[in-house]
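In: Following is a predicted model, sequence given first.
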Amino acid sequence: MKKTISLIKMVILVSIISIFLACQKPAVTFTIAEEDGIEVISNSGQPDKPKLKVELKELFTLQGYDEELNPDENAFYHLKKMTITPDGSIYIFDDTSYCITKYNSNGEYELNFLKQGEGPGEILRPNFIRLYSNSLEIIVQEYYTMHFFNFEGIYLETRTMNETVPFRIPMKMLPLTNNTTVMTRLGLDVRGDDRFNDGFFIKDIALCDSTFTPIKVLPETIELAVKDRKKDVDNSFITKFTLVASENLIYVYNRSKWEYRIDCYDLELNKTKTILMPTDPIKYSQNELEFIEENFVGSYVSEKYWKEIFDTKLCLNYLHFDKTNNLLIAEKVANLDSNSVSFDVFRDGVYLNSFEYKIDPEDYHPMNQDFMFKVQDGRFYAYSETNNRVKVFEIGI
């Protein structure tokens, strides 16, 4: 009898220990599979590092021109575009003064260059400028013209893209470390006799050489008829890529209201893996809809279609890559009710955790302005249009 009781106690003890150990096993937050030779990382939506905290340590603030706070005429008046070079220098294109202001990595003003005009290295249409940098140069894109400057603002050359080049007016450029550039464009594919009813939008990604001639092109067809564009993607709301590169990968997000999917390519545009996250449709709140109607309908958004355009938020807004911490950071669309923007943090395709950044309510822009945040080399840059300033933080994890 005693032996039986002891055996029962032993079985109960083993069962308790087994249950305890099972409870201690970490939850499976992602799976990795292979589909047609492509690695697919499927995240569950639960953070793999629930204790991970991203700390933003404020380093300095770049205050634009302000009669009281900064009456320095060398300061930028309104930030339109910004790029950061490998040494941490910050270049800001100002569409009020039409010049570029350079600050060093400590936030100290160094110089101004560029001006409006028709001469060498001058810009004619300041409202249509994009600003980029590679390891050697600052590139100012003005439609199909590229102006090149060195890091001290000295004009080098201007290249005008040939009319026969398919990517003559790219939507976005991404200079890579191997003297090539990834470019994107929005085109039109007419499949029948009726251009209006049989036309579909095509988004292309191309790897281009130093003359911006495509070496390799990846077509991405959007099954969206031209006749539906005004209703579904007014002002190219969805028809945009957002892309960023690490040392050896290009991360591409095809803006969508329905799919949280990041495709990854090597530097020769060979697809290597896909990062997936589950997502539920995110409706705009009543507060946000009232704000949009009051501030944007009639100017940014057509009166007829605005409620259909803003039925659901985009899954993501932009992608960023922090090479110092090897982090892919996915920026979501701002939330007006909480006055914040949430960022999902990935490493090697695995969702680690998220962090939030508080914004001024007046900086909320549902049409997704081209720049509010930037991430580069361990630093986080946040621009407030309301306060006309850039806050620079060090990213700590």
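Out: Yep, that arrived. Residues are numbered from 1 along each chain as shown.

In: Give me the pLDDT for Leu79.
Out: Looking at Leu79, its pLDDT stands at 93.

In: nearest residue to Lys240 other than its sequence neighbours?
Out: Counting by Cβ to Cβ, 6 or more residues apart in numbering, Arg255 is the residue found nearest to Lys240 once chain neighbours are left out, at 5.1 Å. (C-beta placed from N, C-alpha, C; glycine too.)

In: Spit out the contact partners of that neighbour.
Out: Phe237, Ile238, Thr239, Lys240, Phe241, Thr242, Leu314, Leu316 (Cβ atoms under 8 Å, 6 or more residues apart in numbering).

In: Show the pLDDT at it.
Out: What the model reports for Arg255 is a pLDDT of 84.

In: beta partners of the residue nearest the centre of the chain?
Out: For the chain, the residue sitting closest to the mean C-alpha position, by Cα atoms, centre = their mean, is Tyr318 at 2.4 Å. Applying DSSP bridges to Tyr318 yields these beta-bridge partners: Glu331.

In: pretty sure it contacts Glu331?
Out: Yes. Using Cβ atoms under 8 Å, Tyr318 is in contact with Glu331, at 4.7 Å.

In: Overlap in contacts, those two.
Out: Joint contacts of Tyr318 and Glu331 (Cβ under 8 Å, 6+ apart) are Phe373.

In: in which helix or strand would I find Ala75?
Out: Here Ala75 sits in a region with no helix or strand, counting by DSSP states H and E.

In: contacting residues for it?
Out: Ala75 makes contact with Gln63, Gly64, Tyr65, Asp66, Thr101, Tyr109, according to Cβ under 8 Å, 6+ apart.

In: Show the backbone phi and psi for it.
Out: Backbone geometry at Ala75, expressed as degrees, to the nearest 10, gives phi -70, psi 160.

In: For it, give its distance to Glu68.
Out: Counting by Cβ to Cβ, to the nearest Å, the separation of Ala75 from Glu68 is 13 Å.

In: Mind pulling up the pLDDT for the nearest residue to Gly45 once chain neighbours are set aside?
Out: The shortest distance from Gly45 to any non-neighbouring residue, by Cβ to Cβ, 6+ apart, is to Pro278 (4.7 Å). At Pro278, the model reports a pLDDT of 95.

In: begin at 342 from here
Out: Right, with 342 as the first residue, what we last looked at is Pro619.

In: which residues sit in contact with Pro619?
Out: The contact partners of Pro619, by Cβ under 8 Å, 6+ apart, come to Asn384, Ser385, Gly386, Tyr601.

In: Val691 is in contact with Ser385, isn't it?
Out: No. Here Val691 does not reach Ser385: they are 10.5 Å apart, not a contact under Cβ under 8 Å.

In: what is in contact with those two at once?
Out: Thr370, Phe371.

In: ok so, going back, and the contacts of Arg596, which two are the farthest apart?
Out: Pairwise distances across these peak at 14.8 Å for Thr580 and Leu657 (criterion: Cβ to Cβ).

In: if you count what's nearby, which of the two comes out ahead?
Out: Counted by other Cβ atoms under 10 Å, Thr580 and Leu657 do not tie: Leu657 has more neighbours, with 23 against 18.

In: Which of the contacts of Arg596 fall within strands?
Out: Phe582, Thr583 (DSSP state E).

In: who wins for neighbours among the contacts of Arg596?
Out: In terms of neighbours by other Cβ under 10 Å, those top out with Leu657 at 23 neighbours.
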